[in-house]
Every structure is written in C-alpha cells, then in structure tokens.
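Asks: With the sequence up front, the predicted model follows.
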Amino acid sequence: MTRETASAATSPVSWAARLAWGALGLLLLAWTVFEAAKHTGLTIPFAVIGLLVPFLTRLAPGSTAVRHTLLRVWIPLAVMVICSVIPGPADNAVAPFTFGMAWLTHVALWRARGNGL
C-alpha cells in the first residue's frame, strides 16, 4: 500500500500538470510585467496587489476557507473576461485586467509548486 501511495504522488501526470502550470505561470508573469510597464499609472499597483491577494488572505478571520476560494482559477479568469468584454475605452479596463492577470499568475505558480485545493 505504501508503494502505491508513493507512486501516485510522483506520477508523470502530476509532473506534467505541474510543468504546464509552471509554464502558464511564467507566461502570465511576463505578460503582467509587460502590461504594467506599458500602461504604468494605476496598472503597477494593481499588478502588485493582484500578486499579493492570496497572501493577504492569511490576515482575514476564517482564512483557510477564504484562501481556498481565492486560489480558484475561475475567479481571476472571470475578472479578466469581464474587463475584456466591458465596452468603453480600453484604458479604463487595463488596471483591473492586469489585477486579474497577476492574481491568475499567483494561482498558476502556486499550483506549479504542487499545492492543490
């Protein structure tokens, strides 16, 4: 039984998934830095806050449930989609879009380290 548990923890699928999350995380990190440098202004603090959102949840009461909710992929992805779909000048949606992208970067790199929900 121990042998099965050890092989399941180091299965090629988990390593492939971690590698994919890592590649996505690095791509998103480069894209976040590019967007923050390109647009400047409020985009830079929004990018920093997006990267720190899951860390800041440790300060909240009941932080485990909050942290697990904030480490879902769908929430930052929804922020990015909503910012892309809202009509109007693109400059108004860049900072929230970068916030969602930085948040998704954190989630992807967190999962690449092997931490799952």
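Replies: Arrived safely. Numbering: from 1, shown residues only.
Asks: what about the closest residue to Thr105 other than its chain neighbours, which helix or strand?
Replies: With sequence-adjacent residues excluded and distances taken as C-beta to C-beta, 6 or more residues apart in numbering, Thr105 is closest to Leu28, at 4.0 Å. Yep, even glycine has a C-beta here, placed from its N, CA and C like the rest. Secondary structure assigned from DSSP states H and E places Leu28 in helix 12-39.
Asks: Let me see the confidence value for Ala9.
Replies: In this model, Ala9 is scored at 54, pLDDT.
Asks: The protein: helices as residue ranges?
Replies: Under the criterion DSSP state H, the chain contains helices at 2-9, 12-39, 43-56, 63-70, 74-85, 90-112.
Asks: Rebuild these as CSV, extending it with mean neighbour count.
Replies: CSV is the format used below for the helices of the chain (neighbours: other C-beta atoms under 10 Å):
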stretch, mean neighbour count
helix 2-9, 8
helix 12-39, 15
helix 43-56, 17
helix 63-70, 14
helix 74-85, 15
helix 90-112, 21
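Asks: picking up where we left off before, which strands and helices sit next to the helix holding Leu28?
Replies: helix 43-56, helix 90-112 (3 or more C-beta pairs under 8 Å, 6 or more residues apart in numbering; DSSP states H and E).
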